[in-house]
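got a structure for you, letters missing:
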């Protein structure tokens, strides 16, 4: 049934005149917008001041940070020297090539800049962001499935899918595994913990996000096929995705330990001394 669903889906959602609007792009857009709503709701629950202007600033910075970071991350981590010989190809996004780990770095840089602009602790802003982020991850992984990319090893399980670019044998739909683990499961965990009163100390949610993502991504990598230009980095199991996820696990544990020791409460933007002036 899953195989039939894949072959019934079109990567193009609709056309605007000569322009094709793809599910992949819509996944990013809808993920950012719905994530913004979750962020505002959590900030309100935590009684943290976070204005609409601040949200718009974060959305613009996050969009740039994710796109630039994800593309440069792919070029550096997965390019295998191709982009050194073809530097203009870096700007050709139509051919695909986005790295989650690069996008995460870009998002972190964007959050750091916005936190400084808003005079808000980075750990609080980061906690708000990572509570909403799994929804976007889920949507983008589903669109990876629709695109027929990032599939897994061959399998005889009943939910195997014959992808157009993966040969004639059924393969693990690893995109959906990631959508379920890094997306839905992480979102549920984050939303449950976000309802705590008082919320966990600053940095706790960031630490948990990094830890869980690193563990879940590494688990899926055991059945996900590595990028053909890289292959396995060691033996027949170590992939670039695993290698890049290990620092996330370490950083996540470090943040959890730090937040547990410091126990800094969540803190929003400072009050505007001149609320009528703009």
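Yep, that arrived. Source: prediction; values computed, not measured.

So residue 182 versus residue 61, what's the distance?
In this structure, residue 182 lies at 23 Å from residue 61, with CB to CB, to the nearest Å as the measure. No exception for glycine: its C-beta is placed from N, CA and C like everyone else's.

out of the two, which sits in the busier spot?
Using other CB atoms under 10 Å, the more surrounded residue of residue 182 and residue 61 is residue 182, with 25 against 19.

Just to check, the more buried one is in contact with residue 139?
No. With contacts counted by CB atoms under 8 Å, residue 182 stays clear of residue 139, the gap being 11.4 Å.

can you pull the contacts of residue 15?
Listed by CB atoms under 8 Å, 6 or more residues apart in numbering, the contact partners of residue 15 are residue 21.

Number the residues from 878 up from this point.
Understood, numbering begins at 878; the last thing we discussed is residue 892.

The helix or strand where it lies pairs with which strands, and in what direction?
Element membership of residue 892 [criterion: DSSP states H and E] is strand 889-893. Note on strand 889-893: by DSSP bridges, its sheet partners are strand 896-899 (antiparallel).

how far is the following helix or strand past the strand it pairs with from where the chain is centred?
Later in the chain than strand 896-899, the nearest helix or strand by DSSP H and E is helix 900-922. Helix 900-922 has its C-alpha centroid displaced from the chain centroid by 12 Å (CA atoms, centre = their mean, to the nearest Å).

again with stretch 1036-1053
Mean-position distance between stretch 1036-1053 and its chain equals 22 Å (CA atoms, centre = their mean).

Please apply the same query to stretch 948-967.
With CA atoms, centre = their mean as the basis, the mean position of stretch 948-967 lies at 20 Å from the chain mean.

so who does the residue nearest to residue 983 when sequence neighbours are not counted touch?
Counting by CB to CB, 6 or more residues apart in numbering, the nearest residue to residue 983 once its immediate chain neighbours are dropped is residue 946, at 1.9 Å. Applying CB under 8 Å, 6+ apart, one finds that residue 946 lies in contact with 979-984, 986.

Make a ChimeraX selection of the buried ones in those.
To isolate the buried members of the contacts of residue 946 in ChimeraX, using 16 or more other CB atoms under 10 Å:
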select :979,980,981,982,983,984
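
and which of the contacts of residue 946 is nearest residue 1076?
In terms of CB to CB, no member of those lies closer to residue 1076 than residue 984, at 20.8 Å.

part of a strand, is that closest one?
No. Under the criterion used here (DSSP: H, G, I helix; E, B strand; the rest coil), residue 984 is helix, not part of a strand.

how much space between it and residue 1129?
15 Å.

any idea which element the residue nearest to residue 983 lies in?
helix 929-955.
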